[in-house]
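Colleague: The following block contains a protein sequence and its predicted model.
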Number of protein chains: 2
Amino acid sequence: MDLTRALATFVVQSRFDAIASSIRHEAKRSLVNWTGCALGGAHHEAISTALKALAPFAGPQQAQIIGRRERLDCLNAALVNGMSAHVLDFDDTHLRTLLHPSVPVASSLLALAERRGFSGADFLHALILGVEVECRVANAIYAAHNVSGYITGTAGTLGAAAAAGRVLGLDVQQMAWSFGIAATQSAGLREMAGTMCKSFVHGRAAQNGMLAALLASRNFTSSPRVLEAPRGLIEVLAPGSDHEAVIAGLGEHYEIALNTYKPHACGVVCHPVIDACIELRRRHGLAAEQIGNVALRVHPLALKLTGIRSPRTGLESKWSIYHSAAVALCDGVAGETQYADARVQDRAVSRVRERVSAEADDAIRDDEAYVIITLADGRRLEAHVAHALGSVDHPMSDRQLDEKFHALGRGALNREQCERLLHACWAVETLTDVADIACLAGMSQQPSI
Amino acid sequence: MDLTRALATFVVQSRFDAIASSIRHEAKRSLVNWTGCALGGAHHEAISTALKALAPFAGPQQAQIIGRRERLDCLNAALVNGMSAHVLDFDDTHLRTLLHPSVPVASSLLALAERRGFSGADFLHALILGVEVECRVANAIYAAHNVSGYITGTAGTLGAAAAAGRVLGLDVQQMAWSFGIAATQSAGLREMAGTMCKSFVHGRAAQNGMLAALLASRNFTSSPRVLEAPRGLIEVLAPGSDHEAVIAGLGEHYEIALNTYKPHACGVVCHPVIDACIELRRRHGLAAEQIGNVALRVHPLALKLTGIRSPRTGLESKWSIYHSAAVALCDGVAGETQYADARVQDRAVSRVRERVSAEADDAIRDDEAYVIITLADGRRLEAHVAHALGSVDHPMSDRQLDEKFHALGRGALNREQCERLLHACWAVETLTDVADIACLAGMSQQPSI
């Protein structure tokens, strides 16, 4: 089967007016969430450090760095904005595969906007198509691949290539080449969890995919069969996977409909536990010192991916289900503050964290959790979360996304600037030039906090 | 075992005066071969195409593109020089692993030379250390990894990071991080064979490794345990590999002593067949039209890696043992000309190529081959090559490397320029500033041919 060509043809020939308004709306929700996350991450130490390292080698100031004063060449802007959008682990998630769809796709698209010049509708269309490509590739490989590598660093690179390739006007042959050039850059090891390098892997997906499309647009050749070939992406990363999954029902439904957004600033597999802990704290008016011990029962992946027992830094704590339960119980919230170094080292939080135990249960869904708290006075409290907030079955509302956007944006822009940018994101379909969003995202005075 | 830290410590603490002169000499041979290959590839269509795509986004003119007029920022120069050095498939080979040692390491080092300013001795030392790191990682993973991915794109990236990190003066912690940042960019699919993208994978190893070192030098954090960790490089790319191989005998012997250089411009696994065909042609004064059929008996990897039956382009023909046998019999040589499109489409060559059959034999070494030719008149001629020219047991002489350098260099520099550059490469240990080599490599008028 000519998988790569079929997917490339779909991306090249897709018509925006054939895509349902509910899908377009979900794409706007993705854009709002991505922009907010990039604002929130823009002044993280990982971003400032990377900018210092990259600046001496960067090209012309072609593209805005979101939430900052700097401008970089398009390729470096895609990298840095992708890193910002991911560094807080607050970005969107395609739950079936744990891919973060918008980071590679939106980061590469917006970085091209000011140089290339295209409409908001074209942006939204390319966003939907890029997400479609990466999630379909991810669907094929995730079972065998996801525990060892970052699927956003592998499949996501093809999503960035598809989106960038679409706005660059690639033909089918060039699009297939761009998938090849992207796929041969697919990388990212899960060992990077808890370090600055995790955001780097995700930003590189945006940059590498854009580079693939730029090379292909000049007729830089690659394999046109990188998905189906015996030594191609799927068989190398996930041997024996179902190739057919890449194109089954192509154009009939859109993967972006399954995109989800996090209410909590950490690995998504922790979220049902956090919801349960917040609910128990609220229901019983718990104070931290009342907690005797906490027993979690969770989907096995929660322990595989967020099993760091004693995190030492904020970044590490995002990969600790123990820390997540502790801050939810102590603070009643699990936002960026709860995953900062100070909270990780706090004595009250540490005390609770040490009293959390966790057990994996194959019978539990990945958006489900059971939490049992034994209080110091011997009382036993229980909670069951069937579907975490932010899951497909219990999505965040548009209003909740707006609130999340403002909470994240206030570190980089003032309230009015946030409001204008947020408005532009929701109105993206009407923009003649999507560079307006880049411009508003960079209208930064020094952070207002 | 603290594998990553042990390797990082070795690179940081190594002293040049503790390295035997025979090892230094082999490093100079590697430099001569790498420089010649980069000159020879500098005007290949893949390089010109990539330069067109990259130029609008590139940074300051910090580093010379070998054999051309252009200058690019250090990171892009590492990419392009790495591509040039590999695009003809004429570069060096660590035969045990099929890694191409100099491409990532020398390409990243020379691209830093003009900006950073360091001596030829420091360059040579870092070259030896970079090759040591990548070949040791390759030794651990090649058995499980090499058939699916380009080992230069994976292990090679760590070699580039080690070399660049050494001349940037990283401490042990930073060096370990740079290995982590490099490893999480490790990529490259064998499906790219026969396309421009193969050279891109190899150039990216140089660029990605350098970027890793630059980020680490700013204290951009990564896992410090990327080699030994359960979701680190070795277990993800080659599960169950022997970790110990990475550090066994570290400092007692040097992997660069096992480096080899190709006399023929194609995949190294074809070389014993080419030697046998050249020998038969010479011995019996054969003309192409006398050939009835040709039977090859080779190591299994030769068919796996160079099994393209009917190549359509020059780049594809480098991965065809059938084409390689045919040009060796028709032309008595297998240089760059024999792997150009014209020779692939030549009717006499095609006729012979179609008459070549090949059989894999587990009992044959990878530098060994048997060739039996049946002539049109029914005569049967046989040749056995025990060790191909350019193998560890039958190395090219320094003189043969000089000849190869001149043959490759003449497409970019005139004879006198080639001579001066070649002299500087052999004299690298005496150079106060290794940027002299970059300068001489770029003293290009238009090609003299």
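Modeller: Thanks, I have the structure now. Residues are numbered from 1 along each chain as shown, chains lettered A, B, ... in the order given.
Colleague: The lengthiest helix in chain A and chain B, any residue contact?
Modeller: Longest helix in chain A, counting residues (DSSP state H): helix A:120-145. No: contact of helix A:120-145 with chain B (C-beta under 8 Å from any C-beta of the partner chain) is absent, the minimum separation being 9.6 Å. C-beta: built from backbone N, CA, C; applies to glycine.
Colleague: Quick check: buried residues in that helix?
Modeller: Within helix A:120-145, the residues that count as buried by 16 or more other C-beta atoms under 10 Å in any protein chain shown are A:120-142, A:145.
Colleague: what distance separates it from the centre of its chain?
Modeller: Between the centre of helix A:120-145 and the centre of its chain there are 12 Å (C-alpha atoms, centre = their mean, to the nearest Å).
Colleague: dump the residue contacts of the residue in the stretch 301-449 of chain A that chain B sits nearest to.
Modeller: At 8.0 Å from chain B, A:Leu315 is the closest residue in the stretch 301-449 of chain A, using C-beta to the nearest C-beta. Residues counted as contacts of A:Leu315 (C-beta atoms under 8 Å, 6 or more residues apart in numbering or on different chains) are A:46, A:194-196, A:198, A:339.
Colleague: so which of the residues you listed also contact chain B?
Modeller: Among those, the residues within reach of chain B (C-beta under 8 Å from any C-beta) are A:46, A:195-196.
Colleague: closest to A:Glu429 among these?
Modeller: Nearest to A:Glu429 out of those is A:Ala46 (C-beta to C-beta; 32.7 Å).
Colleague: So which residues on the stretch 51-200 of chain A come close to chain B?
Modeller: Contact residues, the stretch 51-200 of chain A versus chain B (C-beta under 8 Å from any C-beta): A:52-54, A:56-60, A:62, A:73-76, A:147-149, A:153, A:177, A:180-181, A:183-192, A:195-197, A:200.
Colleague: Give me the buried entries from these.
Modeller: Among those, those classed as buried by 16+ other C-beta under 10 Å are A:53-54, A:57-59, A:62, A:73-76, A:147-149, A:153, A:177, A:180-181, A:183-192, A:195-197, A:200.
Colleague: can you tell me which of those residues are in strands?
Modeller: With DSSP state E as the criterion, strands contain none of those.
Colleague: out of these, which are inside helices?
Modeller: Under the assignment DSSP H, those contribute A:53-54, A:74-76, A:153, A:177, A:180-181, A:183, A:197, A:200 to helices.
Colleague: For the residues you listed, give me a markdown table that also has pLDDT.
Modeller: Shown next, in a markdown table, are these (pLDDT from 0 to 100):
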| residue | pLDDT |
| --- | --- |
| A:Ala53 | 98 |
| A:Leu54 | 98 |
| A:Cys74 | 98 |
| A:Leu75 | 98 |
| A:Asn76 | 98 |
| A:Gly153 | 97 |
| A:Trp177 | 98 |
| A:Gly180 | 98 |
| A:Ile181 | 98 |
| A:Ala183 | 98 |
| A:Cys197 | 97 |
| A:Phe200 | 98 |
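Colleague: Max pairwise distance over these: which two?
Modeller: Among those, A:Ala53 and A:Trp177 lie farthest apart (C-beta to C-beta), at 30.4 Å.
Colleague: What's the separation between A:Val371 and B:Glu336?
Modeller: Going from A:Val371 to B:Glu336 by C-beta to C-beta, to the nearest Å gives 67 Å.
Colleague: So, low pLDDT: which residues of the stretch 51-200 of chain A?
Modeller: Judged against pLDDT under 70, the stretch 51-200 of chain A has no low-scoring part.
Colleague: again, only this time at 80
Modeller: A:146-147 (pLDDT under 80).
Colleague: Using the centroid of chain A, identify the residue furthest from it.
Modeller: No residue in chain A sits farther from the centre than A:Asp377, which is 41.3 Å out by C-alpha atoms, centre = their mean.
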